[in-house]
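Trainee: Generate a structure from the sequence data that follows.
(one chain, ligands or ions: 1)
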Amino acid sequence: MTTALPAPTALRERAAQLDADDALAPLRERYLLPPDVVYLDGNSLGPLPAAVPPVLSDVVTRQWGTDLIGSWNVNGWWEAPLRVGDAIGALIGAAPGQTVAGDSTSVQLFTALDAAAALRPDRPLLVTDPGHFPTDRYLADAVARRRGLDVCRVSPADLPRFLETEGARVAVVSYSPVDFRTGELYDVRALTRAAHEAGSLALWDLCHAAGALPLDVDTLGVDLAVGCGYKFLSGGPGAPAFLYVARRHHASLETPLPGWTGHADPFGLRRDYTPAPGIARARIGTPPILPLLALEAALTAFDGVDMTQVRDKSLSLTGFFLRCAEELLTPEGFTPVTPAEPGRRGSQVTLRHPHAHGLTLALAQRAVIADMRAPDLLRFGVNALYTSHQDLLTAALRLRDIAHEAAYDPTPPPPGTVT
Ligand SMILES: Cc1ncc(COP(=O)(O)O)c(C=O)c1O
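Mentor: Have a look, this model is predicted:
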């Protein structure tokens with residue numbers, strides 16, 4: 001039998017020092033994290049913010065239960081998609097009136113891709129990342145089929161060169177700032193500029209970036225963006241997503257799903273569709289009020305929080321975890337795949353190991369929640385609002401012990417396993 005290895009003192013002292021100096025540490029109180037659990041999966045499902053249960057209880061019992069249908073007016077339900085959109089806009093650098101919340105990321109992506117193609121009608125190419133999240137790739141294919149376009153799969157590193165030759169034919173480039181598998185951060189500013197120099201539009205999927213780093217979509221001239229509400233924004237499982245469209249495109253924005261709530265006069269019950277002015281035209285149907293107001297409450301966890309400080313702490317966390325990985329985990333067969341350069345990583349560290357699935361399950365049994373992406377990547381998401389350096393040292397030590405003791409099931413997950 002193998003015994004647990006000792007914890008290196010220098011890492012313990014460093015974690016304690018970094019946490020003692022952490023100005024954001026009190027924000028952890030804004031989340032209801034179970035005691036004794038190290039939660040490193042907020043890049044998949046953010047934990048429950050303390051503000052959510054009382055708001056949801058009020059929405060259900062008083063607003064729905066007592067005020068009933070009058071709540072569309074007296075409790076601001078009708079305006080909620082735009083109000084919540086503006087709250088998210090504040091986190092991604094969008095001035096009010098350009099962001100709408102509702103529906104899923106996939107629906108918002110379809111809207112954004114199709115609307116972007118319509119804004120550049122004479123250009124036959126839609127460019128996306130071959131490593132993009134599956135829904136982004138599938139929807140790019142679907143929009144291209146629908147509009148008779150061709151999809152070009154070009155990695156972010158190759159985009160500038162590709163645009164030099166093909167740029168004049170490209171309607172839109174669709175990327176994510178952060179690779180969901182490796183945690184690599186791409187240069188949103190440079191790629192957006194390259195797209196614009198070619199006369200194309202830039203569409204960003206901010207699922208792994210909104211609430212994790214400063215984004216400045218207005219300043220960077222991003223054309224369209226989408227993102228989910230359930231990762232770093234902690235809006236709850238299946239929380240509404242968001243769509244940002246830069247104001248300069250509003251007047252000519254044609255959405256593929258012209259539902260009645262995006263009409264200029266929704267209660268006029270007109271025969272034909274006339275889009276509402278501004279981003280309100282991107283509304284589709286009746287908004288999902290319970291999850292929307294849960295998301296609105298969740299966003300108050302960011303009240304008074306400076307996203308630059310969030311980014312600095314996130315880099316400190318991921319940098320510290322990479323150091324833990326190098327000292328404790330590489331000797332046990334793990335390979336870090338997230339770039340070591342601070343400017344090239346998002347708010348996640350990914351390690352490669354052939355038994356990623358069994359190791360993730362064994363870690364969960366030792367109260368450390370991370371996740372894996374097939375076939376061999378373990379992902380550790382950090383959130384500067386509640387993760388501590390001590391959390392990361394605990395995770396690394398437990399993972400090292402599990403690997404050292406071979407205390408995990410090496411069988412690959414059966415097809416269909418939710419990871
Ligand atoms: C980059 C990215 N886009 C989209 C999604 C999911 O889309 P939806 O919210 O529609 O399930 C994810 C989910 O993890 C994602 O990582």
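Trainee: which residue sits closest to the closest residue to the ligand within the stretch 301-419 of the chain, ignoring its sequence neighbours?
Mentor: For the stretch 301-419 of the chain, the residue closest to the ligand is residue 373, as judged by C-beta to the nearest ligand atom, at 9.8 Å. All C-beta atoms are positioned from the backbone trio N, CA, C, and that covers glycine. Nearest residue to residue 373 in three dimensions, chain neighbours excluded: residue 181, at 5.2 Å (C-beta to C-beta, 6 or more residues apart in numbering).
Trainee: hang on, the one you found packs against residue 375?
Mentor: No: contact criterion C-beta atoms under 8 Å: residue 181 and residue 375 do not qualify, at 10.9 Å.
Trainee: which of these two has more neighbours?
Mentor: Taking other C-beta atoms under 10 Å, residue 181 and residue 375 do not tie; residue 181 has more neighbours (16 against 11).
Trainee: Which helix or which strand is home to the more buried one?
Mentor: Using DSSP states H and E, residue 181 sits in no helix or strand.
Trainee: Contacts only, for it.
Mentor: Residue 181 makes contacts with 131, 350, 373, 377, 379, as judged by C-beta atoms under 8 Å, 6 or more residues apart in numbering.
Trainee: Give me the phi and psi angles of the fourth one.
Mentor: The phi and psi values for residue 377, taken as degrees, to the nearest 10, are phi -110, psi 130.
Trainee: again, but for residue 408
Mentor: Per-residue torsions, residue 408: phi -150, psi 160 (degrees, to the nearest 10).
Trainee: can you map out the helices along the stretch 151-300 of the chain?
Mentor: 159-166, 188-197, 217-220, 289-299 (DSSP state H, counting those that start in this stretch).
Trainee: The ligand is nearest to which of these?
Mentor: The ligand sits nearest to helix 289-299 of all these, at 12.1 Å, using C-beta to the nearest ligand atom.
Trainee: What helices and strands are in contact with the closest one?
Mentor: Where contact means 3 or more C-beta pairs under 8 Å, 6 or more residues apart in numbering; DSSP states H and E, helix 289-299 is packed against helix 52-58, helix 80-92.
Trainee: tell me the average confidence for that helix?
Mentor: Helix 289-299 shows a mean pLDDT of 98.
Trainee: so who does the most centrally placed residue in the chain touch?
Mentor: Nearest to the geometric centre of the chain sits residue 207, at 2.1 Å (C-alpha atoms, centre = their mean). Applying C-beta under 8 Å, 6+ apart, we find residue 207 in contact with 105, 133, 176, 180, 226, 227, 228, 231.
Trainee: swap the cut-off to 10 Å and go again
Mentor: By C-beta atoms under 10 Å, 6 or more residues apart in numbering, the contact set of residue 207 is 43, 105, 109, 133, 135-136, 176-178, 180, 226-233, 241.
Trainee: Buried ones from those, can you make that a ChimeraX selection?
Mentor: Selection of buried members from the contacts of residue 207 for ChimeraX, criterion 16 or more other C-beta atoms under 10 Å:
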select :43,105,109,133,136,176,177,178,180,226,227,228,229,230,231,232,233,241
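Trainee: Of the contacts of residue 207, which are in range of the ligand?
Mentor: The residues of the contacts of residue 207 that also fall near the ligand, by C-beta under 6 Å from any ligand atom, are 105, 133, 135, 136, 176, 180, 228, 241.
Trainee: Tell me which two in those residues are the farthest apart.
Mentor: Greatest spatial distance among those (C-beta to C-beta): 180 and 241, at 15.1 Å.
Trainee: ranges for the strands of this protein?
Mentor: Ranges of strands in the chain, per DSSP state E, are 38-39, 99-101, 125-128, 150-153, 170-175, 201-205, 224-227, 242-245, 335-336, 348-352, 368-369, 371-373, 377-381.
Trainee: weakest of these in terms of mean pLDDT?
Mentor: Mean pLDDT values for the strands of the chain show the minimum at strand 371-373, a mean of 94.
Trainee: Run me through the strand neighbours of that one, direction for each.
Mentor: Note on strand 371-373: by DSSP bridges, its sheet partners are strand 377-381 (antiparallel).
Trainee: relative orientation of the partner strand and strand 348-352 in degrees?
Mentor: 160 degrees (axes from the mean of the first three to the mean of the last three C-alpha atoms, to 10 degrees).
Trainee: now the residue nearest to the centre of the chain, nearest residue through space, not along the chain?
Mentor: Among residues not flanking residue 207 along the chain, residue 228 sits closest, at 4.7 Å (C-beta to C-beta, 6+ apart).
Trainee: And the one you found, how far from residue 121?
Mentor: Counting by C-beta to C-beta, to the nearest Å, the gap from residue 228 to residue 121 is 29 Å.
Trainee: Residue 231 now?
Mentor: Note on residue 231: its distance to residue 121, by C-beta to C-beta, is 34 Å.
Trainee: what's the answer for residue 28, then?
Mentor: Counting by C-beta to C-beta, the gap from residue 28 to residue 121 is 49 Å.
Trainee: Report the separation between the two terminal residues of stretch 338-355.
Mentor: 18 Å (C-alpha to C-alpha, to the nearest Å).
Trainee: Output the lowest mean pLDDT helix or strand found in the chain.
Mentor: Lowest mean confidence among the helices and strands of the chain (mean pLDDT, DSSP states H and E): strand 371-373, at a mean of 94.
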